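# Following is a predicted model, sequence given first.
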Amino acid sequence: MHDRVKYIMEQAEYFGYSGDRVKGLIFCSRIDEARELSRKFNEKGLKTIALSGSDSEEVRAEAIERLTMDIQSKEDDYLDYIITVDIFSEGTDIVEVNQVIMLRPTQSPIVFIQQLGRGLRKASQKEYVVILDFIGNYKNNFMIPIALSGDRSYNKDNIRRYLMEGGRVIPGASTIHFDEISRKRIFTAIDNANFSDIKLIKENYTNLKNKLGRIPKLKDFDDYGEMDVLRIFDNNSLGSYYKFLVKYEKEYKIRLSAEEENVIEFVSKKLASGKRVQELRFLNRVLSYGHRLMLFAGLKEELKDYYGIQMSEEQKDNIINILTNEFPAGASKNTYTECVFIEKDEGASADYHISRSFEKMLANKDFYDILRELIEFGISRYERDFSNTYKGTDLVLYQKYTYEDVCRLLNWETNEVPLNIGGYKYDKKTKTFPVFINYDKSEDISDTTKYEDHFTSSNSLIAISKSGRSIASEDVQNFLHATERGIQVHLFVRKNKDDKISKEFYYLGHMKATGKAKEFVMQNTDKTAVEIEWLLDVPVREDLYEYIVNG
């Protein structure tokens, strides 16, 4: 204990506050630890007090007044630190606090963020706050980059980027540095974390409900900066916010049929992220303008008026396939058999109207209201995150997409399973050619898939064809002559640090072959492949490039 206290005091003094005197909060795990720490600090000439939940409001208020008071001399009855156990994490607004020391293990992202927030309020004569976090080796230290970045997606790749890039990624004028030992420990914690854990989801939900005093709406999660509600949609045992509420919220009394629940899950998992607005606007027309409406007739005009989107025939066919369950490949069609939203009009109009099964579901007001909220949430996500699209596509530079997202947003008639795509796949109808690169390769993959794809600069890339290819192979020729053949080659890259959960790639825009290509025999095989040099249309943003290449 003595050595630990000595180290804490040394660090507190070294990283002390150079402006006004230190006015600090120290968060401990146990009251005996807090009292011993206070005694040791006081012996060294500091003025501290240990407080816990057993202390009255009057005692707490007096301690706060002593901490924040202006002093005239060393004889004044002021405090340098309040050492606290299970209080002051939230609800207490002490704007003068300019140093926060964290000694308790971070068991909860919410608690960590609340403790950190005690020092983030602005006050006169307070230019900055010093945070000292003695993180040790506990399991949840990944909460540090989560809290500092403000990103509540709980996406492992995002957290790694924040850890690597520090102040280059964190909003505002803040700076942050992780020493090498801390960084390694946090990386290990990220790798071992389960961000789909229902306990984490329930804790975030309960915290938001307590703030609001009611069951939260979907948009409340965004408005109040809580966990990204997409984590609920992605949880395999849930699939929708509705199902979460049914399983874990006693006050929630709504119950849908199995068919209605299936539709809500489909919209939640496939559309509500807002990665494309067309389907959402289409369903919104159904809910807003009547059930037997000729649906596509006004959609083109609506998309053009609202967003400047020109809907092509390929896109129309793609949307029809998605809304009639014709887009999924193979056995995945069986997952959402109830999700046939539209039927073709009889006669010469060639338009579509709402399907009878979907029309029947909409007669249930509870189902209608849940679907309406989902659609509005998805549209708001599109307008926030995905409306700044790249060169006439439905893709946004540096946003992240799954294989299925790419097939849908490039307007392919059907989805392709990842095994059929491999590193790339050409779609003849749309003349689109997405290339998917795993920048870091696992050690245990075969020699024929251990391609040495690598950036040579932020706007140039060397990529290897599939095995068994030569210069004359059709896919290689399509790459080399893409411009004259009217083919769009799209680049998608993921860091892929052996993360079995992350399935998303960063979108990096169009690229074109320079004409430099070299055929070679792959190592430890008799298979040939072709090395191709590429130029990117837009150089990769600096922070993302550094993360992919050097992270």
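Now that the structure is in, tell me what you want to look at. Keep in mind the model is a prediction, meaning the values are calculated, not measured.

# contacting residues for the residue nearest to the spatial centre of the chain?
Computing the C-alpha centroid of the chain and ranking residues by Cα atoms, centre = their mean puts residue 153 first, at 3.3 Å. When contacts are counted by Cβ atoms under 8 Å, 6 or more residues apart in numbering, residue 153 touches 228, 230, 231. Backbone N, C-alpha and C define where each C-beta goes, glycine included.

# isn't there a strand covering it?
No: Residue 153: not assigned to a strand; according to DSSP: H, G, I helix; E, B strand; the rest coil it is coil.

# The contacts of residue 153, buried ones only, as a ChimeraX selection?
Buried residues within the contacts of residue 153, by 16 or more other Cβ atoms under 10 Å, are selected in ChimeraX with:
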select :228,230,231
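
# Rebuild the contacts of residue 153 as CSV, extending it with pLDDT and distance to residue 129.
As requested, these are exported to CSV (pLDDT from 0 to 100; distance: Cβ to Cβ, whole Å):
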residue, pLDDT, distance to residue 129
228, 90, 26
230, 92, 31
231, 90, 29
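
# Same list (the contacts of residue 153) but as TSV, adding distance to residue 192.
Output for the contacts of residue 153, formatted as TSV (distance: Cβ to Cβ, whole Å):
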residue	distance to residue 192
228	21
230	22
231	17
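
# out of the contacts of residue 153, who's nearest residue 29?
Nearest to residue 29 among the contacts of residue 153, counting by Cβ to Cβ, is residue 231 at 27.7 Å.

# Report the spatially nearest residue to that closest one, omitting neighbours in sequence.
In space, and not counting its chain neighbours, residue 231 is closest to residue 154: 5.7 Å by Cβ to Cβ, 6 or more residues apart in numbering.

# Just the local confidence number for the residue lying closest to residue 69 once chain neighbours are set aside, please.
Excluding the flanking residues, the one nearest residue 69 by Cβ to Cβ, 6+ apart is residue 78, at 5.4 Å. pLDDT for residue 78: 92.

# wait, isn't residue 78 in contact with residue 66?
Yes: at 5.4 Å, residue 78 counts as touching residue 66 under the criterion of Cβ atoms under 8 Å.

# And residue 485, how far from residue 512?
11 Å (Cβ to Cβ, to the nearest Å).

# Tell me which of these two has more neighbours.
Each of residue 485 and residue 512 has its neighbours counted (other Cβ atoms under 10 Å); residue 512 has more, 16 against 12.

# which SSE is the more buried one in?
strand 505-521 (DSSP states H and E).

# residues contacting residue 187?
Residue 187 makes contacts with 160, 163, as judged by Cβ under 8 Å, 6+ apart.

# Please report how far it lies from residue 133.
Distance, residue 187 to residue 133, using Cβ to Cβ: 16 Å.

# can you list contacts of stretch 283-302?
Against stretch 283-302 from outside (Cβ under 8 Å, 6+ apart): 267, 271, 278, 281-282, 311, 316, 341-342, 345, 349, 351-354, 358-359, 362, 368, 371-372, 375-376, 379.

# what comes up buried for it?
Using 16+ other Cβ under 10 Å as the test for burial, stretch 283-302 gives 283, 284, 285, 286, 287, 291, 293, 295, 296, 299, 300, 302.

# Throw these into JSON lines and include secondary structure, distance to residue 252 and pLDDT, thanks.
Below are the buried residues of stretch 283-302 laid out as JSON lines (DSSP: H, G, I helix; E, B strand; the rest coil; distance: Cβ to Cβ, whole Å; pLDDT from 0 to 100):
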{"residue": "283", "secondary structure": "helix", "distance to residue 252": "23", "pLDDT": "95"}
{"residue": "284", "secondary structure": "helix", "distance to residue 252": "25", "pLDDT": "94"}
{"residue": "285", "secondary structure": "helix", "distance to residue 252": "29", "pLDDT": "90"}
{"residue": "286", "secondary structure": "helix", "distance to residue 252": "26", "pLDDT": "90"}
{"residue": "287", "secondary structure": "helix", "distance to residue 252": "22", "pLDDT": "91"}
{"residue": "291", "secondary structure": "coil", "distance to residue 252": "27", "pLDDT": "60"}
{"residue": "293", "secondary structure": "coil", "distance to residue 252": "32", "pLDDT": "62"}
{"residue": "295", "secondary structure": "helix", "distance to residue 252": "32", "pLDDT": "77"}
{"residue": "296", "secondary structure": "helix", "distance to residue 252": "36", "pLDDT": "84"}
{"residue": "299", "secondary structure": "helix", "distance to residue 252": "34", "pLDDT": "89"}
{"residue": "300", "secondary structure": "helix", "distance to residue 252": "39", "pLDDT": "89"}
{"residue": "302", "secondary structure": "helix", "distance to residue 252": "34", "pLDDT": "91"}
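
# Take those and lay them out in JSON lines including distance to residue 52.
Shown next, in JSON lines, are those (distance: Cβ to Cβ, whole Å):
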{"residue": "283", "distance to residue 52": "53"}
{"residue": "284", "distance to residue 52": "53"}
{"residue": "285", "distance to residue 52": "58"}
{"residue": "286", "distance to residue 52": "57"}
{"residue": "287", "distance to residue 52": "53"}
{"residue": "291", "distance to residue 52": "61"}
{"residue": "293", "distance to residue 52": "63"}
{"residue": "295", "distance to residue 52": "62"}
{"residue": "296", "distance to residue 52": "65"}
{"residue": "299", "distance to residue 52": "61"}
{"residue": "300", "distance to residue 52": "65"}
{"residue": "302", "distance to residue 52": "59"}
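
# Tell me how far residue 186 lies from residue 140.
As for residue 186, its distance to residue 140 is 10 Å (criterion: Cβ to Cβ).

# Revised request: answer the last question for residue 134.
Counting by Cβ to Cβ, the gap from residue 134 to residue 140 is 14 Å.

# Repeat that for residue 418.
Residue 418 is 31 Å from residue 140, where distance means Cβ to Cβ.

# quick one: residue 490 and residue 432 touch, right?
Yes: at 6.6 Å, residue 490 counts as touching residue 432 under the criterion of Cβ under 8 Å.

# of residue 418 and residue 140, who's got more company?
A count of neighbours by other Cβ under 10 Å puts residue 140 above the other of residue 418 and residue 140, at 19 against 12.

# Report the outermost residue of this protein with respect to its centre.
Residue farthest from the centre of the chain, counting by Cα atoms, centre = their mean, is residue 75 at 51.7 Å.

# can you tell me how far it sits from residue 504?
61 Å.

# helices or strands next to the longest helix seen in the chain in the packing?
Ordering each helix of the chain by length in residues (DSSP state H) puts helix 365-381 first. For helix 365-381, the elements it packs on are helix 218-223, helix 258-266, helix 278-289, helix 356-362, judged by 3 or more Cβ pairs under 8 Å, 6 or more residues apart in numbering; DSSP states H and E.

# Any chance of those in TSV with distance to residue 125 as columns?
Listed next are the helices and strands packed on helix 365-381 as TSV, based on distance: least, Cβ to Cβ, whole Å:
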stretch	distance to residue 125
helix 218-223	33
helix 258-266	53
helix 278-289	49
helix 356-362	60
